[in-house]
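Engineer: Attaching a predicted model along with its sequence, questions to come.
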Amino acid sequence: AWIGFGFSTDGKMIDSEAVIGRPDLAAADEEKPLKYNLKGKGTTAVTPMVEARQTLTDALITQDGTNTVMTFTKLLTEDGEHTIDPTSPMNFIYAIGDGNTLAYHAKKGSFKFNLSTCDSGASASKAGGTGQNSNRTMWAAHGLLATLALALATPLAVTTAWFRTLVPSSWIYIHVFANVSSFFMILLSFVFAVTAMSMSTSPKHFSDPHHIVGLAILMLVTFQVMNGFLRPPVEKRDPYAVDTKIAGIITLPGTARELWMILHKCAGVFVLAVGFWQLKAGMDLYAADFQVGTWKPYFYAYLAIFGTVIVLLKLWMFWEEKKARMGVEQMNPDQRRMGSAAVANGIDPDSELVPVQFDIGMQ
């Protein structure tokens with residue numbers, strides 16, 4: 001099979017450079033591996049560099065009955081090409097063909113590696129990872145705290161608000177505790193990440209979308225917690241007031257409390273959704289940096305279970321509400337009249353507490 005080994009600024013194929021060995025040409029014309037520009041994903045966009053830039057030495061590709069081996073020596077710094085820094089982690093890409101003729105690759109991948117670890121003969125895994133630095137324990141703590149916050153505490157805070165009728169007397173305490181816990185764990189997770197990055201040989205803060213989204217989540221969760229403690233009091237509304245609607249569908253908030261409620265709900269759901277994406281991105285980075293297996297299959301299974309439970313609970317609550325409405329419709333006229341009279345006198349017919357007036361006479 002043909003082999004390609006490349007040098008990339010972002011770990012992706014397009015706009016990268018690669019050394020490609022083609023056994024079919026090597027056998028026919030004794031062509032050695034050459035340097036190529038990768039301007040696209042099609043074979044027409046993969047073109048050899050001009051002759052003046054073919055500076056490889058000791059380039060060779062050989063085959064036996066089971067293996068294809070490509071070797072070459074390349075300068076780390078060359079005019080007009082990506083510079084290979086031997087002191088910091090670099091992005092490398094590779095591709096393996098399905099045959100000896102250059103065509104769409106059968107396998108591909110990318111990884112980060114610090115060439116300085118080769119001086120001591122250490123492999124990427126033994127060097128403590130191929131990513132931004134070798135502080136694997138600190139990165140693991142960062143991931144653990146983020147997982148506890150975004151996969152447990154935040155979903156707990158959101159779902160207790162969604163299903164507060166199931167725990168009417170205690171949901172607010174669970175909700176507040178989960179939100180505050182999520183904030184502190186995200187804060188600690190962020191501190192671990194910044195510290196681990198600062199201890200690397202060439203720190204690159206906020207150089208990846210995962211880093212930027214992490215900062216945004218921290219800011220949003222901070223706002224969410226502070227906003228929760230600044231909840232406006234319930235305001236009395238005119239029962240005869242007409243709600244303002246957009247296009248006759250969306251009702252605009254009529255009080256500060258209603259506006260706060262909409263903002264608080266939207267922010268909570270947004271943190272939940274973006275947090276799930278953030279965890280997936282973090283698992284990808286950790287697996288690539290330290291050349292370990294990914295936890296994504298378990299995470300996807302958790303998301304499936306979480307989503308299924310939410311849907312089943314919503315369906316069950318919908319059915320219970322429907323049965324309650326049916327019970328009201330089946331009430332006899334006297335019961336309905338009593339309920340209407342109670343409402344007119346300021347009594348909640350669903351309340352278990354009924355105001356009673358006592359007249360005490362003295363004899």
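Structural biologist: Looks like it arrived, so ask away.
Engineer: okay, CA-based contacts and neighbour counts for the rest of this
Structural biologist: Fine.
Engineer: how about residue 47, secondary structure?
Structural biologist: In three-state terms, and counting by DSSP: H, G, I helix; E, B strand; the rest coil, residue 47 is strand.
Engineer: okay, now it: neighbour count?
Structural biologist: Residue crowding around residue 47 was assessed by other Cα atoms under 10 Å; the count is 15.
Engineer: Pairing partners for it in the sheet, please.
Structural biologist: residue 37 (DSSP bridges).
Engineer: Touching, it and residue 36? I think so.
Structural biologist: Yes - under the criterion of Cα atoms under 8 Å, residue 47 makes contact with residue 36 at 5.4 Å.
Engineer: quick one: what helix or strand has residue 283 in it?
Structural biologist: Element membership of residue 283, judged by DSSP states H and E, is helix 256-290.
Engineer: Flag every buried residue along that helix.
Structural biologist: By 16 or more other Cα atoms under 10 Å, the buried positions in helix 256-290 come out as 260-261, 264, 268, 271-272, 274-276, 278-280, 282-290.
Engineer: got it, and stretch 20-40?
Structural biologist: For stretch 20-40, by 16+ other Cα under 10 Å, it's 20-24, 26, 31-39.
Engineer: Same check on stretch 192-202?
Structural biologist: Buried-residue list, stretch 192-202, by 16+ other Cα under 10 Å: 192, 193, 194, 196, 197, 200.
Engineer: Ok, stretch 142-150 next?
Structural biologist: 142, 143, 145, 146, 147, 149, 150.
Engineer: The fourth one contacts residue 189, correct?
Structural biologist: So the one you mean is residue 146. Yes - the pair residue 146 / residue 189 is scored as a contact, 5.8 Å apart, by Cα under 8 Å.
Engineer: list the residues that contact both of residue 47 and residue 36?
Structural biologist: The contact sets of residue 47 and residue 36 do not overlap (Cα atoms under 8 Å, 6 or more residues apart in numbering).
Engineer: picking that back up, and which of the buried residues of stretch 192-202 is nearest residue 210?
Structural biologist: Lowest distance from residue 210 to the buried residues of stretch 192-202 (Cα to Cα) belongs to residue 193, with 11.0 Å.
Engineer: Which strand or helix spans the closest one?
Structural biologist: helix 171-198.
Engineer: what's that helix packed up against?
Structural biologist: Other helices and strands packing on helix 171-198, by 3 or more Cα pairs under 8 Å, 6 or more residues apart in numbering; DSSP states H and E, are helix 136-147, helix 154-162, helix 209-229.
Engineer: quick one, which of those helices is nearest to residue 185?
Structural biologist: Closest among these, using Cα to Cα: helix 136-147, at 5.5 Å.
Engineer: Now do that closest one: everything it contacts.
Structural biologist: 128-129, 185-186, 188-190, 192-193, 196, 279, 282, 286, 290.
Engineer: What degree of burial does residue 171 show, as a neighbour count?
Structural biologist: With other Cα under 10 Å as criterion, residue 171 counts 19.
Engineer: how about the nearest residue to residue 269, chain neighbours excluded?
Structural biologist: Excluding its sequence neighbours, the residue lying closest to residue 269 (Cα to Cα, 6 or more residues apart in numbering) is residue 158, at 7.1 Å.
Engineer: residue contacts, the one you found?
Structural biologist: Residue 158 touches 175, 268, 269, 272, counting by Cα under 8 Å, 6+ apart.
Engineer: Go through the buried residues of stretch 20-40 and flag which are in helices.
Structural biologist: 23, 24, 26 (DSSP state H).
Engineer: Would you reformat those as CSV and include distance to residue 51?
Structural biologist: Shown next, in CSV, are those (distance: Cα to Cα, whole Å):
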residue, distance to residue 51
23, 20
24, 20
26, 17
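Engineer: between these, which is closest to residue 228?
Structural biologist: Looking across those and measuring by Cα to Cα, the closest to residue 228 is residue 23, at 65.6 Å.
Engineer: in terms of contact, does the closest one touch residue 4 like I think?
Structural biologist: No - using Cα under 8 Å, residue 23 makes no contact with residue 4, being 11.6 Å away.
Engineer: hmm, back to that, between the contacts of helix 136-147, which is nearest residue 315?
Structural biologist: residue 279 (28.3 Å).
Engineer: which ones are touching the closest one?
Structural biologist: 143, 146, 147, 150.
Engineer: switch the cut-off to 7 Å
Structural biologist: Residues in contact with residue 279 (Cα atoms under 7 Å, 6 or more residues apart in numbering) are residue 147.
Engineer: tell me which strands and helices the helix or strand where residue 96 lies is in contact with?
Structural biologist: Remark: residue 96 resides in strand 90-97, with elements defined by DSSP H and E. The elements that strand 90-97 packs onto, with contact taken as 3 or more Cα pairs under 7 Å, 6 or more residues apart in numbering; DSSP states H and E, are strand 3-8, strand 105-113.
Engineer: Cheers, nothing more for now.
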